[in-house]
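Peer 1: The amino acid sequence is not available; the structure is as follows:
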Ligand code: V47
């Protein structure tokens, strides 16, 4: 019996056999295949297939990094209904960090953990901040910490800066790169289906615009990540459509590094009837993402949103990355996340080793820094 036959014999849901055959042959999966996977209860087979693809792409390695999140402000003109973090100017709890405060924070984290390699900076669309204010943050961080990679600003923030400055998206990105920007995070993807998007974030840039910003960034040599917010009011069809649009964009530019499915957290949000996601749905979403996004090198199980335990199991359901130490994360915490804000490097290594994978400490661009075999 060949390896493929052996694997096929393990697929219990017979509906999944033609999909398994495609996966073993390295053939692209269709929209309907994605739907069948989501509708199947054969979670073991789905995991097996996703793990197969994951291992083909990344061997037995699972990645993490030593990073810190900085959120310069929670003051935001946005109206996203899934966001529990935003404040209006003058609201209780509204804050804005000065450039000095940002530098002091990073310096403190750096002294606590000298192996810090990445600062992830995203925040609100502040009504009084101009492009120059955002630019100054990048310039100052780069000047003070030249060796740290700055992964900053979602596509939404980039478009906001373009609007405020009257510059094009390309010009904004060029100036940010000149100032020291290293890559773009994936935030702001949400769900591309315009009907759903209009209901959960009516004032946000469209899915098309999100993809346009990322493609422009890729054209300038920036690597970027992509996200999908799932578990609110969207359907399985919406999720698959979102993944296929990302796959098509990646066919064009090949600039995406990592896809991060973000599990919706409902606390303090304005989505009626919304609930927490379940472990099974989270694992399926990770696995289907791995299977549909055949041209994305990495799938990230973001432990802040999934919790350490589901994030760990995700490493056997198609994910090869668990994000990093994080240290300071307020966006999901405001919406009810209980995973905590910091995880030590030792704990990340243990989570990875326990699933039988080899932990690899990476930088933002997936250069290998240390293998913990
Ligand atoms: O775009 C907001 C999401 C995102 C909620 O690129 C929520 O490496 C769940 O994009 N429940 C920001 N999610 C975070 C993000 C990210 C995180 C980690 C790594 C990377 C990366 C990117 O958080 C937003 C939005 O989709 N979000 N509110 C909520 N209630």
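Peer 2: All right, it came through fine. In this text, all values refer to a predicted model and were calculated from it rather than measured experimentally.

Peer 1: Next one: residue 202 relative to the ligand, how far apart?
Peer 2: Using Cβ to the nearest ligand atom, to the nearest Å, we find residue 202 at a distance of 15 Å from the ligand. Any C-beta I mention is one placed from the backbone N, CA and C, and that applies to glycine too.

Peer 1: can you offset everything so residue one is 47?
Peer 2: Yes, from this point I'll number from 47; that puts the last item at residue 248.

Peer 1: which ones are touching residue 221?
Peer 2: By Cβ atoms under 8 Å, 6 or more residues apart in numbering, the residues touching residue 221 are 177, 181, 213.

Peer 1: at 7 Å instead, please
Peer 2: residue 181 (Cβ atoms under 7 Å, 6 or more residues apart in numbering).

Peer 1: Against the ligand, how distant is it?
Peer 2: Using Cβ to the nearest ligand atom, we find residue 221 at a distance of 21 Å from the ligand.

Peer 1: host element of that residue?
Peer 2: helix 215-225 (DSSP states H and E).

Peer 1: tally of neighbours for residue 409?
Peer 2: The number of residues packed near residue 409 is 18, by other Cβ atoms under 10 Å.

Peer 1: from what I can see it touches residue 193, true?
Peer 2: No - the pair residue 409 and residue 193 does not pass the contact test of Cβ atoms under 7 Å, sitting 9.9 Å apart.

Peer 1: quick one: contacts of the biggest helix by length in the chain?
Peer 2: Across the chain, the longest stretch assigned as helix under DSSP state H is helix 282-299. By Cβ under 7 Å, 6+ apart, the list of residues contacting helix 282-299 from outside reads 77, 80-81, 84, 237-239, 242, 253, 257, 260-261, 264-265, 272, 274, 276, 302, 305, 331, 335, 338-339, 341-342.

Peer 1: Can you pick out the ones from the residues you listed that are in strands?
Peer 2: Mapping the contacts of helix 282-299 onto strands (DSSP state E) picks out 272, 274, 276, 302, 305.

Peer 1: Tell me who's in contact with the second one.
Peer 2: For residue 274, the contact set (Cβ under 7 Å, 6+ apart) comprises 235, 237, 285, 288, 307, 308.

Peer 1: and what of the fourth one?
Peer 2: For residue 302, the set of contacting residues under the criterion of Cβ under 7 Å, 6+ apart consists of 270, 271, 272, 296, 342.

Peer 1: Next, format those as JSON lines and append distance to the ligand.
Peer 2: Listed next are the contacts of residue 302 as JSON lines, based on distance: Cβ to the nearest ligand atom, whole Å:
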{"residue": "270", "distance to the ligand": "8"}
{"residue": "271", "distance to the ligand": "3"}
{"residue": "272", "distance to the ligand": "8"}
{"residue": "296", "distance to the ligand": "15"}
{"residue": "342", "distance to the ligand": "12"}
